[in-house]
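Novice: turn this into a model:
(one chain, ligands or ions: 1)
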Amino acid sequence: MLRYFTAGESHGETLVAFISGIPAGLDVDQQFINRELWRRQQGFGRGGRMKIEKDTAHFVSGVRHGKTIGSPVAILLENRDWKSWQEVLPVETGDPEKHKRVASPRPGHADLAGALKYNFPEARYVLERASARESTSRVALGALAKLFLRGLGIEVLSHVIAVGKASLANADVTWQKLQELYGKEEVLLNCADPEAEARMRAEVDHALRTGDSVGGVFEVVAHGVPPGLGTFAQWDERLDGLLAQAVMSLQAVKAVEIGTGVESALSFGSSVHDEIGYSRAEAKFTGFTRASNHAGGIEGGISNGEDILVRGYLKPISTLRRPLGSVDFETREPVKAAYERSDVCVVPAAGVAAEAMVALTLARCALDKFGGDSMTETLRNFEGYQQQLKRF
Ligand SMILES: Cc1cc2nc3c(=O)[nH]c(=O)nc-3n(C[C@H](O)[C@H](O)[C@H](O)COP(=O)(O)O)c2cc1C
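Specialist: The predicted structure follows:
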């Protein structure tokens, strides 16, 4: 069973990522994992923090001689900013004078709800854990999941389909185009169409100029997924439900859509459902083909062999340089909300973090289906299933 946790505070010494259940014998390509971490740090509209941090995964357990050994994997991800924070957030009592309070909660952030819940007089500790710096750990774990999935021929990438009011006219982007985007050394807004990307950039520029922030929509595409992951047999085993939770659990994601779910809800069935054909020549897993993929590769909570499409809708960042009204935690007087160095737009980065969550979810479902304590065993079981599909 694949299980994973993260720990760490935004300005603490390190982030920690932990995963158990990855079969033994998986090649761990650290360069690939570090590139995934780099991808999460890119995008036009990021704050100064991303210039300080150069994330790298430091494996401390579960990997020996370049391969997983079946025991739990623990990864440390150093926060370079810790140097400036160790007196502010010491593990020991430290000097209370050096503490940096978050004196007035930011509307939209976790500050007020978190302070009330944990009975803190202000929101420093809340911010420290609620911050999306945490998603770095998930990207490290997701990169491991991607390496596992690669063995099964499954790949996961993302692209941006809207920033603020600027959106891609045609979000039907080919897999090859997504690979080109992945290969880029400079990431602006990770949009497949340069004209749309220029309009998206203008939205971010506007937010930067006016002390505002802007959200948007990303789409994660999982390519090469065999039919049969997830099941309708029990409500909490449905692949669509699992993906929705995985992606919704990312900071600032406020809606998740599978395929063209939202538009489909507003259309007639005849224009929504993906007609079925059959052609031996096109067989990857089976000869069944689809005329379209509005379902986003999932029917009945089960992958159907088409690309899996998951969209995440991101609210605008809640830390504003031109802050909204709030209340001082101590005096209860009206004040402006706290401001701390912040991103203005994170849609491409959120897409990368969502790739990680999709990869972890698919890896979990693949392991549920194929099992295996070693990659040899998992791949043998997968091969047997592929033969069964071919014979169907
Ligand atoms: C990659 C990424 C980076 C983020 N960076 C910031 C940031 O710099 N400032 C901020 O206020 N919120 C940022 N957020 C969003 C907050 O973490 C999030 O809004 C907050 O934790 C409250 O959670 P909620 O929006 O899910 O309710 C970021 C989110 C993501 C996905």
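Novice: in the sheet, who's paired with residue 19?
Specialist: Beta bridges link residue 19 to residue 4, residue 73 when assigned by DSSP bridges.
Novice: who's in contact with it?
Specialist: If a contact means C-beta atoms under 8 Å, 6 or more residues apart in numbering, then residue 19 has 2, 3, 4, 62, 72, 73, 141, 144 as its contacts. C-beta coordinates here come from the backbone N, C-alpha and C atoms, glycine included.
Novice: touching the ligand at all, stretch 308-323?
Specialist: Yes: Stretch 308-323 lies within reach of the ligand by C-beta under 6 Å from any ligand atom, at 315, 317, 318, 319.
Novice: buried residues in the longest helix seen in the chain, which are they?
Specialist: For the chain, the helix with the greatest residue count under DSSP state H is helix 347-370. Taking 16 or more other C-beta atoms under 10 Å as the neighbour-count basis, helix 347-370 is seen to contain the buried residues 347-367, 369-370.
Novice: and the residue of the stretch 1-150 of the chain nearest the ligand?
Specialist: Proximity of the stretch 1-150 of the chain to the ligand (C-beta to the nearest ligand atom) peaks at residue 132, 3.3 Å away.
Novice: pull the helix or strand with minimum mean pLDDT from this protein.
Specialist: helix 49-52 (a mean of 73; mean pLDDT, DSSP states H and E).
Novice: does the ligand sit close to it?
Specialist: No: under the criterion of C-beta under 6 Å from any ligand atom, the ligand is not reached by helix 49-52; the shortest gap measures 6.9 Å.
Novice: can you name the residues in contact with that helix?
Specialist: Contacts of helix 49-52 (C-beta under 8 Å, 6+ apart): 41, 42, 80, 81, 133, 341, 343.
Novice: now that helix, how far from the centre of its chain.
Specialist: Counting by C-alpha atoms, centre = their mean, to the nearest Å, helix 49-52 is centred 19 Å from the centre of its parent chain.
Novice: just the strands in the stretch 151-300 of the chain please.
Specialist: Counting by DSSP state E, counting those that start in this stretch, residue ranges of the strands within the stretch 151-300 of the chain are 155-163, 166-167, 216-223, 253-258, 276-278, 288-290, 298-299.
Novice: closest one to the ligand among the ones you listed?
Specialist: When the strands of the stretch 151-300 of the chain are ranked by proximity to the ligand (C-beta to the nearest ligand atom), strand 253-258 comes first, at 6.6 Å.
Novice: now do the buried residues in stretch 236-251.
Specialist: Here stretch 236-251 shows 238, 239, 240, 242, 243, 244, 246, 247, 250, 251 as buried, counting by 16+ other C-beta under 10 Å.
Novice: who are the contact partners of whatever residue of the stretch 151-300 of the chain ends up closest to the ligand?
Specialist: Going by C-beta to the nearest ligand atom, the ligand is nearest to residue 251 of the stretch 151-300 of the chain, at 3.3 Å. With contact taken as C-beta under 8 Å, 6+ apart, residue 251 is in contact with 130, 131, 132, 134, 135, 350.
Novice: quick one: which of the residues you listed is most hemmed in?
Specialist: When neighbours are taken as other C-beta atoms under 10 Å, the top entry among these is residue 350 (28 neighbours).
Novice: what residues are up against that residue?
Specialist: So residue 350 contacts 132, 135, 218, 250, 251, 252, 253, 312, 314 (C-beta under 8 Å, 6+ apart).
Novice: likewise residue 140?
Specialist: By C-beta under 8 Å, 6+ apart, residue 140 lies in contact with 17, 33, 36, 37, 57, 75, 77.
Novice: which residue, other than its chain neighbours, is closest to the fourth one?
Specialist: When the adjacent residues along the chain are set aside, residue 37 lies closest to residue 55, with 3.9 Å between them (C-beta to C-beta, 6 or more residues apart in numbering).
Novice: likewise for the third one?
Specialist: Counting by C-beta to C-beta, 6+ apart, residue 36 lies nearest to residue 143, which is 4.1 Å off, once chain neighbours are set aside.
Novice: wait, does the longest helix of the chain contact the ligand?
Specialist: Yes: Helix 347-370 lies in contact with the ligand when judged by C-beta under 6 Å from any ligand atom; the contacting residues are 349, 350, 353.
Novice: okay, these in a markdown table with pLDDT next?
Specialist: Putting the residues of helix 347-370 next to the ligand into a markdown table (pLDDT from 0 to 100) gives the following:
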| residue | pLDDT |
| --- | --- |
| 349 | 98 |
| 350 | 98 |
| 353 | 98 |
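Novice: I'd like to know which of the residues you listed is nearest to residue 296.
Specialist: Compare each of the residues of helix 347-370 next to the ligand with residue 296 using C-beta to C-beta and the shortest gap goes to residue 350, at 18.2 Å.
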